[in-house]
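S.K.: Could you work out the structure for the sequence below:
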Amino acid sequence: DRRRPAAKPAAPEKAAPPAKAHIPVKPAPPVKVPATLPLDSPLPDFPVIGPSAPPPAAPPVRQDPAVPAGRSPARAEKVREEGERPFGELDPLARELYSGALVLAKDLLTSIDRPYLDGCDRFVKFSDILHRGLAGNPLLLRYTFHATADDYLYAHSANVAVISQAVGLAMGLDKGDLGLLGFCALAHDIGMTSRSALANSDRRLTDAEYEDFMRHSEEGAEKIGRMLGLDQEFKERAADVILQVHERIDASGYPDRLKNGEIGQLAQIIGIADVYEAMSHPRPWRRAAHPHEAVKYLIEKEGRGFDSSVVKAVMRALSIYPPGSLVSLSGGEIGEVVRVNRHSLTRPVVSVLLDKDFNPVARRLVDLLQHPLAGIENIVDETELAARNPKFSAQRELARWWVEW
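M.R.: Numbering: from 1, shown residues only. Predicted coordinates:
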């Protein structure tokens, strides 16, 4: 009963005050979200919500203006503790940082064949910026979904740098090792520049071509010597790391067939990031594997190709459903994983894109960690997407290729 309670009897000399009239407040109109939001555009600052539910009978409690609508008090407290910022604020920053990584990767790969390359400390400085950005912006990993059409090595190098440093953060590396790790990851394929035609070939390599291809680690390590602006000890460590990136703990790698403890930790991190990135991105000779399948492959290689501690760190950094994974939810909707939840390997934040019949819907974000009754039912392969909604599949494929507008 929302009526005003009856007034107490008043003293004879005082009249009871008149009741105030109730003025209804007209609710604000709902925010309309376009269903055809460009796939490559920054995510709006949608409230993080779960499956549709009937509105509560009681009027809502006044929302703290610092906390997005629909967020639970426990979640709000977690936000305050961790200093988390909304998606609409984080996404443009992530895009800017990723764009910077691509620019530096292209600059390095297109200039490394000069007799000497000056000012190389800028690559180390950016590596420091990158790992600090990753520590405070979980959306940066989402951008490693991208590829570059003119030469796949540009995005590949930037992506491996981002993924490697995410793994390094998960392993608790110190600032110095994170800086070296980011630099080496960005430069790990500089020995490929003289083999660009082979790298971008759409046919199977001959045995002789593959033998030459495997020499790119040694050539890359040698090229570190022509980089000016770096101290000698740093260059020696970087050359050792780059030389070992393709070694495997079961001695199946190259160029020296090292095994177990003979391979440095940083080289193992870049090596596993390199494999994941290569598998989850298209190449001229094959389609991309689903990111979830790429992670499953790495798990199968635990203790054989890669050290167990590095594989577990990859899972902490990327989860079972890495950013960019297309998945179906328990309600039937189709969505893309946009952010990993550090507290759960299987319950990321998902951007819902399609309904159960693969028709576009107004986008919303679902934080599966906050909604235990919702979950990921299965992965959605790009082939299935193309069969069910060819137009949306084509838009998604086009959005993968990075364009700096």
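
S.K.: contacting residues for residue 316?
M.R.: The neighbourhood of residue 316, defined by Cβ atoms under 8 Å, 6 or more residues apart in numbering, consists of 170, 342, 345. In short, each C-beta sits where N, CA and C put it, glycine included.

S.K.: Just the buried residues out of the residues you listed, in PyMOL syntax.
M.R.: Paste this into PyMOL to select the buried members of those, with burial taken from 16 or more other Cβ atoms under 10 Å:
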select buried, resi 170
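
S.K.: Please dump the contacts of residue 316 into TSV; it should also carry pLDDT for every row.
M.R.: Supplementary listing: the contacts of residue 316 in TSV, determined by pLDDT from 0 to 100:
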residue	pLDDT
170	96
342	86
345	92
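
S.K.: just the contacts of residue 316 now: which is nearest residue 223?
M.R.: Within those, the smallest distance to residue 223 is 29.3 Å, found for residue 170 (Cβ to Cβ).

S.K.: The closest one and residue 311 touch, don't they?
M.R.: No - the pair residue 170 and residue 311 does not pass the contact test of Cβ atoms under 8 Å, sitting 11.1 Å apart.

S.K.: Can you tell me how far the most centrally placed residue in the chain is from residue 182?
M.R.: Taking Cα atoms, centre = their mean as the criterion, residue 141 is the residue nearest the geometric centre of the chain, at 1.8 Å. Here the criterion is Cβ to Cβ, to the nearest Å. By it, residue 141 lies 14 Å from residue 182.

S.K.: again with residue 125
M.R.: Applying Cβ to Cβ, one obtains 10 Å for the distance of residue 125 from residue 182.

S.K.: Check residue 286 too.
M.R.: Separation of residue 286 from residue 182 (Cβ to Cβ): 28 Å.

S.K.: The two: which has the busier surroundings?
M.R.: residue 182 (28 against 10; other Cβ atoms under 10 Å).

S.K.: Which of the three states applies to the nearest residue to that one once chain neighbours are set aside?
M.R.: Once flanking residues are discounted, residue 182 sits nearest to residue 127: 3.1 Å by Cβ to Cβ, 6 or more residues apart in numbering. Going by DSSP: H, G, I helix; E, B strand; the rest coil, the secondary structure assigned to residue 127 is helix.

S.K.: show me the contacts for residue 127.
M.R.: By Cβ under 8 Å, 6+ apart, the contact list for residue 127 reads 161, 165, 178, 179, 180, 181, 182, 183, 186.

S.K.: Next up, identify which helix or strand the last one is on.
M.R.: Just to be clear, that refers to residue 186. Applying DSSP states H and E as the criterion places residue 186 in helix 175-187.

S.K.: So which elements touch that helix?
M.R.: helix 87-111, helix 121-136, helix 152-170, helix 232-244, helix 265-279 (3 or more Cβ pairs under 8 Å, 6 or more residues apart in numbering; DSSP states H and E).

S.K.: Put the alpha carbons of it into PDB.
M.R.: Extracted in PDB, the C-alpha atoms of helix 175-187 (Å, rounded to 0.1, in the frame of the first residue of the first chain):
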ATOM      1  CA  LYS A 175      59.300  -5.700 -15.100                       C
ATOM      2  CA  GLY A 176      62.700  -6.400 -16.700                       C
ATOM      3  CA  ASP A 177      61.800  -9.800 -18.000                       C
ATOM      4  CA  LEU A 178      58.400  -8.500 -19.300                       C
ATOM      5  CA  GLY A 179      60.200  -5.800 -21.200                       C
ATOM      6  CA  LEU A 180      62.700  -8.200 -22.800                       C
ATOM      7  CA  LEU A 181      59.800 -10.700 -23.500                       C
ATOM      8  CA  GLY A 182      57.800  -8.100 -25.300                       C
ATOM      9  CA  PHE A 183      60.800  -6.900 -27.400                       C
ATOM     10  CA  CYS A 184      61.800 -10.500 -28.400                       C
ATOM     11  CA  ALA A 185      58.200 -11.400 -29.200                       C
ATOM     12  CA  LEU A 186      57.800  -8.400 -31.500                       C
ATOM     13  CA  ALA A 187      61.200  -9.300 -33.100                       C
END
